[in-house]
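Colleague: Could you look at this predicted model? Sequence included:
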Amino acid sequence: QVQLVESGGGLVQAGDSLRVSCAASGPMFNFYTMGWFRQAPGKEREFVAGISWSGRTTVYADSVKGRFTISRDNSKNTVYLQMNSLKPEDTAVYHCARRRGTYTNIEVMEDAYNQWGQGTQVTVSS
């Protein structure tokens with residue numbers, strides 16, 4: 001059973017930057033596409049960004065395109081989400097997730113992912 005542990009969340013002001021990380025336990029991290037999702041209070045969880053197993057392909061939600069960057073370091077079993085120009089509406093719990101199956105494409109639907117971290121809180125004040 002893989003374990004995903006997020007870190008790096010916190011309280012920042014609008015316009016600031018923050019990087020959150022997700023460390024994965026277990027082998028074959030580089031076989032799996034990874035995603036970041038977020039859930040704001042009273043809202044459903046939504047896709048933020050995804051990165052293919054190779055790292056060569058990325059997909060972003062329209063709401064974060066141009067401000068957020070997803071990356072991965074397969075030597076460290078870690079995926080990152082660099083968040084710039086943060087807005088109050090980015091406030092949420094951010095979860096990383098591992099895609100079902102190996103060597104798969106990026107999907108935006110959460111049921112395509114079957115391993116989840118506990119999340120890290122990101123709060124952006126205005």
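Modeller: Cool, got the structure.

Colleague: How about the contacts made by Met83?
Modeller: Contacts for Met83 (Cβ atoms under 8 Å, 6 or more residues apart in numbering) come out as Ser17, Leu18, Arg19, Val20, Val64, Arg67, Phe68, Asp90, Val122. C-beta coordinates here come from the backbone N, C-alpha and C atoms, glycine included.

Colleague: Quick one: those residues as TSV, columns for neighbour count too.
Modeller: Converted to TSV, these look like this (neighbours: other Cβ atoms under 10 Å):
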residue	neighbour count
Ser17	11
Leu18	20
Arg19	14
Val20	23
Val64	22
Arg67	15
Phe68	20
Asp90	22
Val122	22
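
Colleague: Give me the neighbour count for Gly101.
Modeller: By other Cβ atoms under 10 Å, the residues close to Gly101 number 12.

Colleague: How much space separates it from Val2?
Modeller: Counting by Cβ to Cβ, to the nearest Å, the gap from Gly101 to Val2 is 13 Å.

Colleague: Now do the residue nearest to the spatial centre of the chain against Ser126, distance only.
Modeller: Residue closest to the mean C-alpha point of the chain, counted by Cα atoms, centre = their mean, is Trp36 at 2.2 Å. Noted for Trp36: a distance of 23 Å to Ser126, by Cβ to Cβ.

Colleague: just Glu46 next, same as before
Modeller: 21 Å.

Colleague: Please apply the same query to Thr91.
Modeller: Taking Cβ to Cβ as the measure, Thr91 falls 10 Å from Ser126.

Colleague: still on that earlier bit, mind checking which of the contacts of Met83 land in helices?
Modeller: Nothing among the contacts of Met83 maps onto helices, per DSSP state H.
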